[in-house]
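1. Generate coordinates for the sequence data below:
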Amino acid sequence: MWQHWVNGQSAHTFSANPETPVLRDVAGHVTSGALRPVIDRVYPLADIAAAHRAFERGGVVGKHMVTVPRGSV
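-> From the prediction side, this is the model:
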């Protein structure tokens, strides 16, 4: 687990495989509602280029999500 400082706030990140205790612990917090992912914006698949441009500009506060229509993959 790594600790980073962003705008004076501490953020912890980790890299793990799905079998690790850390990932199970985080999943438990998400399931209980104690930890909620922050979604900045949702793009339809047709606007994937706009999603990439927004990410490249920076300043993203939460995750950028792309919706994929059912049956399109």
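2. This protein: helices as residue ranges?
-> 21-32, 48-57 (DSSP state H).
3. In CSV, list those helices along with mean pLDDT.
-> Converted to CSV, the helices of the chain look like this (pLDDT from 0 to 100):
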stretch, mean pLDDT
helix 21-32, 85
helix 48-57, 87
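4. nearest to S72, of the ones you listed?
-> helix 48-57 (11.9 Å; CB to CB). C-beta: built from backbone N, CA, C; applies to glycine.
5. Check what pLDDT the residue of the chain lying at maximal distance from its centre gets.
-> When each C-alpha in the chain is compared with the mean C-alpha position (CA atoms, centre = their mean), G71 comes out farthest, at 23.9 Å. The model reports G71 with a pLDDT of 79.
6. Can you give me every residue that contacts it?
-> Listed by CB atoms under 8 Å, 6 or more residues apart in numbering, the contact set of G71 is empty.
7. Over to it: give its phi and psi.
-> For G71, the backbone dihedrals (degrees, to the nearest 10) come out as phi 80, psi 0.
8. I figured L35 hits V26, correct?
-> Yes. In this structure, L35 is within contact of V26 by CB atoms under 8 Å, at 6.8 Å.
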